[in-house]
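In: Task: produce atomic coordinates for the following.
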Amino acid sequence: MSEDRFLTLSEKVDDLIDLCADMKRENQILKAGENSWQSERKQLMDKNKDAKSKLESILVRLKAMDQS
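Out: As a prediction, the model looks like this:
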């Protein structure tokens, strides 16, 4: 293998190593963001469930008042 070809190959390997490191960092950032969104989604679903329960309770009381 000639020196030029070896240097070219070496540079390409270095570029791939850098790209892999960049992608690993990006993946970690995306995973952290996903965890944050999942946590926020769970909180919103819990709030929605509570609001639905309160609304159903109000409707039951209104129906009871209407019937009396």
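
In: Give me the three-state assignment for the residue most central in space within the chain.
Out: Centroid check for the chain by CA atoms, centre = their mean gives Glu34 as the closest residue, at 1.5 Å. Assigned by DSSP: H, G, I helix; E, B strand; the rest coil, the conformation of Glu34 is helix.

In: cool, and the one 3 residues further on?
Out: Secondary structure state of Trp37, per three-state DSSP, is helix.

In: And for it, the neighbour number?
Out: Counted by other CB atoms under 10 Å, the residues lying close to Trp37 total 10. C-beta coordinates here come from the backbone N, C-alpha and C atoms, glycine included.

In: ditto for Ala51
Out: Neighbours of Ala51 (other CB under 10 Å): 10.

In: Distance-wise, check it relative to Leu59.
Out: As judged by CB to CB, to the nearest Å, Ala51 and Leu59 stand 13 Å apart.

In: Can you give the distance from the helix or strand encompassing Val60 to the centre of its chain?
Out: Using DSSP states H and E, Val60 sits within helix 3-67. Distance of helix 3-67 from the chain centroid (CA atoms, centre = their mean, to the nearest Å) equals 1 Å.

In: can you give me the mean pLDDT across that helix?
Out: The average pLDDT within helix 3-67 is 96.

In: which strands and helices sit next to it?
Out: Judged by 3 or more CB pairs under 8 Å, 6 or more residues apart in numbering; DSSP states H and E, helix 3-67 is in contact with no other helix or strand.
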